[in-house]
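Enquirer: pasting a predicted model and its sequence here:
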Amino acid sequence: MSLLRYESQVRPALVEGDKDYHQVTEDICRPVEAKPSKLWWTGFLISVLMLVFGIVSVTMEVMYGTGQWNLGKTIGWGWDITNFVWWVGIGHAGTLISAILLLFRQGWRTGVNRAAEAMTIFAVICAGQFPIWHMGRVWNAFFVLPYPNTRGPLWVNFNSPLLWDVFAISTYFTVSLLFWYSGLIPDLATLRDRAKKKWRKVFYGVAAFGWTGSTKHWQRHEALSLVLAGLSTPLVLSVHTIVSFDFATSVVPGWHTTIFPPYFVAGAIFSGFAMVQTLLVVTRKVLGLQEYITLEHIEVMNKVIVLTGSIVGIAYLTELFMAWYSHVDYEWFAFKENRVNLFSPYGWSYWIMMGCNVLSPQIFWFRKMRRNLVVTFFMSILVNIGMWFERFVIIVTSVYRDYLPSSWSTYYRPTIWEVGFYMGTFGLFFTCYFLFSKFFPVIAIAEIKHILKRSGGNFKDKMGGIEVETVNQFGDKHLHEH
Amino acid sequence: MAVKKFVTGCFKDEEVLFPAVKKTRRAGYKIHDVFTPFPIHGLDKAMGLRDTSLHTAGFIYGISGTATAVGFITWALTIDWRLNFGGKPFFSLPAWIPITFELTVLFAAVGMVLTFCYLCQLAPFVRKDHFNPRSTDDTFVMALECTDKTNDGEAVSFLQGLGAEEVKVEYRETGWWIGRYDSEKKRFEKTGEAAAAQS
Amino acid sequence: MLGSLDDFNKILQIGVKESPAAAAAGAGSYSAAAVADATAAISGYKKGTGDELVVYQKVSIGTGAQAGNPWLQELPDPISKATWDNYALISVTKSKELGITLNADHEYYPEKPVLEITVGGTTMKLPCLVIPGMNANTIAVALGYGRNEETGKAAAGVGQNAYQFTSYNGSNVEYHVTGVSVKNTGSKYKIAQTQIHNSYEGRIEVLRETTMATFKKEPNVIPEWREELKEEYHNNANGDFNEATLYPQHDQPGLKWGMNIDLNSCTGCGACVVACHAENNVPVVGKREVLRYHDMHWLRIDRYFVSDATDKDPDNLKGVVFQPMLCQHCDNAPCENVCPVAATNHSMEGINQMAYNRCIGTRYCANNCPFKVRRFNWADYTGADSFKNNQDQSLVGKLDDVIFQMNDDLTRMVLNPDVTVRSRGVMEKCTFCVQKLQSAKLDAKKAGTVLPDGSAKTACQTACATNAIVFGNIHDKESAINKVREENDQRKFYVLEQLHVLPSISYLAKVRNTDEVIEGKHHVAGEKHEGMPASTKPEETH
């Protein structure tokens, strides 16, 4: 059977060090089973504090109205929807890694998919906060659901991109959660079976759903993962496409752009991978998982970042060119005056976006930079700043000076509650992530074991010998064995 | 929920397990199950398990999602309550594609996961009699079901001959019950002797 | 004394009582000497040194007698578009003298420079607004501000009393004074303007205006341009009108409401704005909220200055155009498509309607409105909210006292019982006064007649002193609205017609009565202003 597991020596090992199955279990379960460190507590408490600030901010907004934010008759969406799109974008990497890379049989996904999927789910939860709480009458938010009612029969407007969002985001959240959790079940069973303390036995016992590792169950599990991956692939592409429809189907110059769907999806992958990098560079170090989340993983993801960053760059240039080439005055004004013009009120934000998203990732053309953790970490932050500004540029610089010059305005600076809401979602995100990294295995144990004999460093070394054999030697040695 | 008698053997390497499974089947033993810490491709075939139909179920769920979305939206906007939104016709199908797609995916995914859980009898608070806790770590556990014709001793030595370690004859429950993993209490507790007396 | 009944009626008709002596003197006799005397008197009149200060009555609050009326305080001044304040209006030339930089920041931020105005012994510190078209050395300050609490909550503390600049010359109060010295104090004061950009940037799709001479020379520019738009639409659709849109138009049997606004007749007075306030329970939001662009006017009057970029004198204003802007009730309304909960949709009569109860306040519709006429209740302006104590915000968005006036039962009597009072978090906008249309329809139904043209009137139409607004059923071939549109085809345009949102409101172009002939295809006068950000020049071809 060894023959089936052979992988070229050209491919770097995905798991470093001398590992066997048990060692994999030990390594990944160790952080979960150890007592939380001081560092963990500090990070967790800071996150909770930020979350509390966010809750206060949202409470103020719900109590006193959307006027607690500095939006107005011209700029109806600002930080709220910017943050929404930003978080949704970040929430694209996880499912992309687990679904699309599964279909493409990219073995390296196993090291990072669990954490990336978790990040996806938390990012989508954060994203979902914004369209909910940005409503003027959030207590009526259930109106967006097509439920049987006594008002008419009054249904929702299925033609509205915002309603598409409701379906897209909730479907994406549900499917991502199911995908993530179905993958977690065997690993939770591992934790359950290793548990010494009572609460661990109970908690992981409940969480593992009674998984035993039966072959039939694994067969179904594999089928489920594959089909969920097949479903999630178009889903992940559809979600940001639909988010981009919020803008693309409107009449606002700067929003009404057919390039948005692919451009948003590329941007989502871009920012999602950046966030994965931010988290994993730290996580692998703190949890001592460098042998599982190797420099190879970091490098591959940096390659994705430079690719998607360049796609995004081309998209920026294309929409700029089309704004000019279309000969539509309003469109061209939105680009030339509202964005490219550095001295216009929001010109600076356009150039931050360009600098962070298009120029800075080009550094990853150099292998040395791709493998440099400090550069990677710094760049991942920079990319997400740039991606935030991309959404800000799209949303605010389009509406603040659109068709009627009489309605132009620039008076938009976020209030403390807008900033607080954004900070609060960071709190929510990191609170979830800290809890996740403490109570769940951040790497998919079963999947690592699955690729261990093919891509594990020690196994590859053993297999290395066959590459120097002649065909006849190989045949004599291996084919007659069975 | 029956308590049955099994001969179990542990394997440390799937490369030993595979030929062992084949030989066990050839020898006519009834393999109750093989518990593995990760999915081993081809093991299901080797054990003679048929392919799962979960894919087909997923397809049917997906199609029902599509039908639900198109059917419901059409009914709601063209029959139940017609509204003119921005000059679009009541039946404005292109605008419904996103939701139709999302519901297709949602129905397929949720349906499949529920079916998966149902088929594998997985749910929170479900407790099963776990043959060997290390089968979720690094051990591949093969369980032979002892029928009337099975000679326990023969089966044990057969497994040992195939490279299995810790070969044991034990009584296990095959079903599930609601229980917690911190208690050792089983739903249908039976001592070895009692069970032996019964059989 | 008045004589017979006929005499009395005659007096009523002509408006004056003529004395027999004057009539006998023979009207129309020309006396060159008298004219010369008068000319001499005018030219010799108070030609003082320094700047001149004119104290004027604002359209909204007049002498100040109306200062207690929040509607009027919130009504933007026709020219300055400022609410809730008086200020010194100065010319562009003057602003340069005072060292005020008219850059983008000056335009965009409400903080305006404060001037110290000294006349004789009186000194007053007032913020200034730079208005092109002012006489270079004239400063204008509105009267009727600086009232105290006793005039009313709305008036208290708003602006400063400019009466101290007036003087009594023995027979008359003089409303102007010379020998004024002005100094830029360097400090700033926030003025709440509802419109900050002064130029229409040559956007002919937004506004059409021309001069009389140009119009006479080429009267068909607008219809030809509209035809071009249609042709372009046609060409973009591979020569097939049906292909240009994915969807066919809805049938609209029965009534279809339409409005026409004649920009030539509009004086920008704002009576329609106040009428709309009164009729539709449009809330007053106070200065603090206007500053945050939270004003709620369903109907506003956009004011654009027209001047020539090449003109050396920045104060040489060619004209001012007022464009009343309200919901255009588009047949292909972009706002309706995007509402997730179907709170806004189209009525059978072509009205873009809002169901307030259903609105959840996503503000998507307002973003997607090209005319920016949708207004959102950012806070509880009417006390209509179901939550208690939600008007006492202190950290952000503190509300002015004037809003709390609506909390007492007496003030609430001002509300129109036929119109829903909107609560916080709800989008609202012009309804074409649907309650009045409904009432007219019911009257016609009771009378058993077809709805007579002119019986359904909107509040703005009723208030318009110059009949600039015509409203009616456009399916009625004989209706006034159709006649106006037919008769004025050479001036008729729809705002942003190229978007194909199919507005129900047509506008008639403004024709300035000057002899200047504007060259160029679309008759766009120079549109660039000092202090305005650079903008794209309109393209010559579309």
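Expert: Perfect, thanks for sending it. Numbering: from 1, shown residues only, chains lettered A, B, ... in the order given.

Enquirer: pLDDT weak spots in the chain?
Expert: Since you didn't name a chain, this refers to chain A. Chain A contains residues with pLDDT under 70 at A:1-7, A:151-152, A:460, A:462-482.

Enquirer: that was the other one, I meant chain B.
Expert: In chain B (pLDDT under 70), the answer is B:1, B:185-199.

Enquirer: most centrally placed residue in it?
Expert: The centroid of chain B falls nearest to B:C120 when counting by CA atoms, centre = their mean (3.3 Å).

Enquirer: give the contact list for the closest residue to C:L502 other than its chain neighbours.
Expert: Distances taken as CB to CB, 6 or more residues apart in numbering or on different chains place C:D331 nearest to C:L502, at 3.8 Å, with adjacent residues excluded. No exception for glycine: its C-beta is placed from N, CA and C like everyone else's. Each residue near C:D331 by CB atoms under 8 Å, 6 or more residues apart in numbering or on different chains is listed here: B:G87, C:Q249, C:H250, C:Q252, C:H346, C:G350, C:V501, C:L502, C:P503, C:S504.

Enquirer: quick one: the last one from C:K230, how far?
Expert: Using CB to CB, to the nearest Å, one gets 18 Å for the distance from C:S504 to C:K230.

Enquirer: okay, these two: which has more neighbours?
Expert: C:S504 (24 against 15; other CB atoms under 10 Å in any protein chain shown).

Enquirer: look up how far chain B lies from that one.
Expert: For C:S504, the distance to chain B equals 12 Å [CB to the nearest CB, to the nearest Å].

Enquirer: again, but for C:M348
Expert: From C:M348 over to chain B (counting by CB to the nearest CB), the distance is 8 Å.

Enquirer: go on, A:R370?
Expert: Distance of A:R370 to chain B, computed by CB to the nearest CB: 30 Å.

Enquirer: C:K96 too?
Expert: C:K96 is 48 Å from chain B, where distance means CB to the nearest CB.

Enquirer: same thing with C:Y30?
Expert: Here C:Y30 is placed at a distance of 64 Å from chain B (CB to the nearest CB).

Enquirer: ditto for A:S380
Expert: In terms of CB to the nearest CB, A:S380 sits 30 Å off from chain B.

Enquirer: I'd say that residue and A:V282 touch.
Expert: No. Counting by CB atoms under 8 Å, A:V282 is not a contact partner of A:S380; they are 10.2 Å apart.

Enquirer: neighbour-wise, which of these two wins?
Expert: A:S380 (24 against 15).

Enquirer: the more buried one should be in a strand, yeah?
Expert: No. Counting by DSSP: H, G, I helix; E, B strand; the rest coil, A:S380 falls outside a strand, being helix.

Enquirer: ok, now which ones touch it?
Expert: A:A274, A:M275, A:Q277, A:T278, A:V281, A:I305.

Enquirer: which residue packs closest to the residue nearest to the centre of chain B, ignoring adjacent ones?
Expert: Closest to B:C120 by CB to CB, 6+ apart is A:H217, at 4.5 Å.

Enquirer: do B:L159 as well
Expert: B:G9 (3.8 Å).

Enquirer: may I have the lengthiest strand in chain C as PDB, with CA atoms only?
Expert: In chain C, with assignment by DSSP state E, the single longest strand is strand C:176-190. Coordinates of each C-alpha in strand C:176-190 appear next as PDB, following Å, rounded to 0.1, in the frame of the first residue of the first chain:
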ATOM      1  CA  HIS C 176     -28.300 100.400   6.000                       C
ATOM      2  CA  VAL C 177     -25.300 102.000   7.400                       C
ATOM      3  CA  THR C 178     -21.900 103.000   5.900                       C
ATOM      4  CA  GLY C 179     -18.500 103.400   7.400                       C
ATOM      5  CA  VAL C 180     -18.400  99.800   8.500                       C
ATOM      6  CA  SER C 181     -15.100  98.200   9.500                       C
ATOM      7  CA  VAL C 182     -14.800  94.500   9.200                       C
ATOM      8  CA  LYS C 183     -12.100  92.300  10.700                       C
ATOM      9  CA  ASN C 184     -11.500  88.600  10.500                       C
ATOM     10  CA  THR C 185     -11.300  87.400  14.100                       C
ATOM     11  CA  GLY C 186      -9.700  84.100  13.100                       C
ATOM     12  CA  SER C 187     -12.200  82.100  15.100                       C
ATOM     13  CA  LYS C 188     -14.900  79.800  13.600                       C
ATOM     14  CA  TYR C 189     -18.500  79.200  14.100                       C
ATOM     15  CA  LYS C 190     -20.700  76.400  12.800                       C
END
